[in-house]
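> Provided below for reference: sequence and predicted model.
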Amino acid sequence: GAGVSQSPSNKVTEKGKDVELRCDPISGHTALYWYRQSLGQGLEFLIYFQGNSAPDKSGLPSDRFSAERTGGSVSTLTIQRTQQEDSAVYLCASREGRNTEAFFGQGTRLTVV
Amino acid sequence: TQLLEQSPQFLSIQEGENLTVYCNSSSVFSSLQWYRQEPGEGPVLLVTVVTGGEVKKLKRLTFQFGDARKDSSLHITAAQPGDTGLYLCAGGSQGGKLIFGQGTELSVKP
């Protein structure tokens, strides 16, 4: 596609439910990143994929968070048993290689009530 | 753990003033990037610096990468209300990981 696409754009869920967030990166981009951003704050690194493997998943806050990438393309971030502190905007980015521009999606705004 | 410290966190100035935002780390980065983010949008790249000591200019914005590739600065001359936004520095490692600083929220008042 023309840009990074994330879905859904907004998600309201009840505490304790599981959610899946999807990211479609730019075609051909081998690197894919997930970040979390609270209102007006910087980007908290969650996980990084190179192809289908995740060399660095050190930013995942707990074992309730997991992510996968298939076919070197689409990635899914799953949050199990959501908590109110999980409420944030989840941003996905992709880039072609090292030192190149990271292109971001519009994000998924997750609200846990 | 690689960390990027940005300062100041908030900056409110009048139109026409100059400002500098700093991005510091104890780690060496293979590259450093500056992004600007507007509300409801993802960050958008302003510049990438790769070589220690490198200086790049983008109209009224001047970016500098430290000699040791551990720090960077963004200087804006004669700020305008259109410069308002969240400015983020991001460091790239040899392994491909990209980490961001906490951001600087800039407000330029007319």
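Everything's here; your move.
> going forward, measure contacts between C-alpha atoms and count neighbours the same way
Will do.
> and chain A, which residues reach chain B?
A:31, A:40-45, A:48, A:56, A:91, A:97-107 (C-alpha under 8 Å from any C-alpha of the partner chain).
> from these, which land in strands?
Among the residues of chain A next to chain B, the ones falling in strands (DSSP state E) are A:Ala31, A:Glu44, A:Phe45, A:Tyr48, A:Asp56, A:Leu91, A:Phe103, A:Phe104.
> okay, who's weakest in those residues by pLDDT?
Minimum pLDDT across those is recorded for A:Asp56, with 90.
> number of residues surrounding the residue in chain B that chain A sits nearest to?
Nearest residue of chain B to chain A (C-alpha to the nearest C-alpha) works out as B:Gln102 at 3.9 Å. By the criterion of other C-alpha atoms under 10 Å in any protein chain shown, B:Gln102 has 25 neighbours.
> low-confidence bits of chain A, can you list those?
In the predicted model, chain A carries pLDDT under 70 at residues A:1.
> tell me the spacing between the most centrally placed residue in it and chain B.
The residue lying closest to the centre of chain A (C-alpha atoms, centre = their mean) is A:Trp34, at 3.5 Å. For A:Trp34, the distance to chain B equals 10 Å [C-alpha to the nearest C-alpha, to the nearest Å].
> in what helix or strand does that residue lie?
For A:Trp34, the enclosing helix or strand under DSSP states H and E is strand A:31-37.
> distance check, A:Val12 against A:Cys23.
Between A:Val12 and A:Cys23 the computed distance is 18 Å (C-alpha to C-alpha, to the nearest Å).
> look at these two and report which has more neighbours.
Remark: of A:Val12 and A:Cys23, A:Cys23 carries more neighbours, 27 against 12, as counted by other C-alpha under 10 Å.
> kindly export the particular helix or strand that has the more buried one in it (C-alpha atoms) in PDB.
If you go by DSSP H and E, A:Cys23 is part of strand A:19-24. Output in PDB follows, covering the C-alpha atoms of strand A:19-24 (Å, rounded to 0.1, in the frame of the first residue of the first chain):
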ATOM      1  CA  VAL A  19      -7.600  -7.200  21.900                       C
ATOM      2  CA  GLU A  20      -5.700  -7.500  18.600                       C
ATOM      3  CA  LEU A  21      -4.200  -4.600  16.900                       C
ATOM      4  CA  ARG A  22      -3.100  -4.900  13.200                       C
ATOM      5  CA  CYS A  23      -0.400  -3.200  11.200                       C
ATOM      6  CA  ASP A  24       0.100  -3.400   7.500                       C
END
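> next, count neighbours for B:Arg60.
Residue neighbour count, defined by other C-alpha under 10 Å, stands at 12 for B:Arg60.
> what pLDDT is listed against the nearest residue to it once chain neighbours are set aside?
Ranked by C-alpha to C-alpha, 6 or more residues apart in numbering or on different chains and with sequence neighbours excluded, the top spatial neighbour of B:Arg60 is B:Thr77, at 5.3 Å. pLDDT, B:Thr77: 98.
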